[in-house]
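Q: Need a 3D model of the following:
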Amino acid sequence: MFVVSLYVSVLLVLPSLAEADLVSRKQAPVFSSIPDLSTCVSQPSFFSCENTTVIENTCCSPTPGGLVLQTQFWSTWTGLESRGQLLPKDSWTIHGLWPDNCDGSFESYCDLSRQFDPAPSPATLEDGTVIPPWTGPGIDTFVKAFGRDDLLDFMEKYWINQGAPNVDFWGHEFSKHATCTSTFDVSCYGPSYKEHEDVVNFFDAVIRAFKQYPTFDMLAAVGIVPSNTTGYSLAQIQQALVSQTGALPFLGCTNHTILSEVWYFNHVFGTEQYGAYKHLDTTTASTCSTNQTIWYYERASSSEREVRKHHRH
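A: Numbering: from 1, shown residues only. Have a look, this model is predicted:
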């Protein structure tokens, strides 16, 4: 009887221990980071930079930065490989989401109350305004506070800095560009705004835009792959991307012959967060040579890591 009673007692205790373990493993609660766009439903709809009347509610369409650039890097090293900061295999990386004005000009660091860049560039604006370096916690802590480990995981895989921690780069892109995009203004989140909600919302929007332009796959599909022995012409690379996007992106080359950047120009129907992107021809001339071989170099295996799961069927 004593043995049976002891056995039953243990069984009764086990569920409570399991429950305690589950509680301890729970992540931080996930908070919403969605702006209040209810008034936009009754506003006229149009592509940014194509409106014929004044935009009454700038939360509904990016203005004046309505020429939206989704920008990417092809890097072959990070400089922080020893710390585990690696590039994603078979993928370009995120540079940012930039709000150029409709005429191709642009603003930077438009709201210094949301300046989270530890190394502002430029450090001083054209009007003489000095951008104070951010000395507070990394911008990743804002995302963690919203319980968005999924978002941080993607950023750590695809939004990679060179020569400095990734989080510094993220702080730079938000502070320099998102603060100049009207649809990420704090006022767009309504009276229930939670601090840094706009930061999380912007990072989600950057990833959504990045996924629309899978540069590595578009090039690989026509046989243009990284190589240290086979080069390509600028026209070959341009034609491959135009065939899938319908417009000519900007291609950037280091020393005019080493492929390193691509910028996809867009007008956006609705908000930068959720609207439809219409790809347009670049307004900036390529820095790649038109009559020399363009090199799309391989990465050393020590500078990249597998990020995709491959399944056999």
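
Q: any idea where the helices of the chain begin and end?
A: Remark: helices assigned in the chain by DSSP state H are 2-25, 140-145, 149-158, 166-177, 197-211, 215-220, 234-245.

Q: which one of those helices lies closest to residue 67?
A: Shortest distance between residue 67 and those, using Cβ to Cβ, is found for helix 166-177: 12.4 Å. In short, each C-beta sits where N, CA and C put it, glycine included.

Q: Go through the helices of the chain and pick out the most buried.
A: helix 166-177 (a mean of 23; mean count of other Cβ atoms under 10 Å).

Q: Neighbours of residue 192, how many?
A: The number of residues packed around residue 192, counting by other Cβ atoms under 10 Å, is 8.

Q: list the contacts for it?
A: Applying Cβ atoms under 8 Å, 6 or more residues apart in numbering to residue 192 gives the contacts residue 36.

Q: and with 10 Å instead?
A: Residues counted as contacts of residue 192 (Cβ atoms under 10 Å, 6 or more residues apart in numbering) are 32, 36.

Q: Give me the local confidence score for the nearest residue to residue 277 once chain neighbours are set aside.
A: With sequence-adjacent residues excluded and distances taken as Cβ to Cβ, 6 or more residues apart in numbering, residue 277 is closest to residue 266, at 4.3 Å. Residue-level confidence at residue 266 comes out at 98, pLDDT.

Q: just residue 44 next, same as before
A: The model's pLDDT for residue 44 equals 88.

Q: what bits of this protein have low per-residue confidence?
A: Of all residues in the chain, those with pLDDT under 70 make up the ranges 1-28, 309-313.

Q: In it, spot the strand with the most residues.
A: Longest strand of the chain, by residue count under DSSP state E: strand 258-269.

Q: for the chain, which residue is closest to the average position?
A: Taking Cα atoms, centre = their mean, the centroid of the chain lies closest to residue 206, which sits 3.4 Å from it.

Q: I figured that one hits residue 178, correct?
A: Yes - under the criterion of Cβ atoms under 10 Å, residue 206 lies in contact with residue 178, with a separation of 8.6 Å.

Q: Overlap in contacts, those two.
A: Applying Cβ under 10 Å, 6+ apart, one finds that residue 206 and residue 178 are jointly contacted by 96, 97, 272.

Q: how far away is the last one from residue 209?
A: This means residue 272. When Cβ to Cβ, to the nearest Å is applied, the distance between residue 272 and residue 209 equals 8 Å.

Q: In JSON lines: the helices of the chain, plus distance to residue 188.
A: Conversion of those to JSON lines gives the following (distance: least, Cβ to Cβ, whole Å):
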{"stretch": "helix 2-25", "distance to residue 188": "35"}
{"stretch": "helix 140-145", "distance to residue 188": "17"}
{"stretch": "helix 149-158", "distance to residue 188": "19"}
{"stretch": "helix 166-177", "distance to residue 188": "15"}
{"stretch": "helix 197-211", "distance to residue 188": "8"}
{"stretch": "helix 215-220", "distance to residue 188": "30"}
{"stretch": "helix 234-245", "distance to residue 188": "29"}
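
Q: quick one: which of those helices is nearest residue 261?
A: Shortest distance between residue 261 and these, using Cβ to Cβ, is found for helix 215-220: 10.1 Å.

Q: Touching the closest one from outside, list them.
A: Outside helix 215-220, the residues within contact range by Cβ under 10 Å, 6+ apart are 70, 72-74, 88-93, 214, 224-226, 232, 236-237, 240-245, 249, 259, 262, 264, 296.

Q: now do 6 Å
A: Surrounding helix 215-220, the residues in contact under the criterion Cβ atoms under 6 Å, 6 or more residues apart in numbering are 72, 90, 91, 92, 240, 241, 244, 262.

Q: Just give the closest residue to the third one, not the sequence neighbours.
A: So the one you mean is residue 91. Sequence neighbours aside, residue 216 is the residue nearest to residue 91 in space, at 5.1 Å (criterion: Cβ to Cβ, 6+ apart).

Q: try the fifth one
A: Beyond its immediate neighbours in the sequence, the residue positioned closest to residue 240 (Cβ to Cβ, 6+ apart) is residue 222, lying 4.6 Å away.

Q: just checking, the residue nearest to residue 277 touches residue 275?
A: No - checked against Cβ atoms under 6 Å, the pair residue 266 and residue 275 is beyond contact range at 9.5 Å.

Q: When these two are compared, which one has more neighbours?
A: Neighbours were tallied for residue 266 and for residue 275 using other Cβ under 10 Å; the higher tally belongs to residue 266 (26 against 21).
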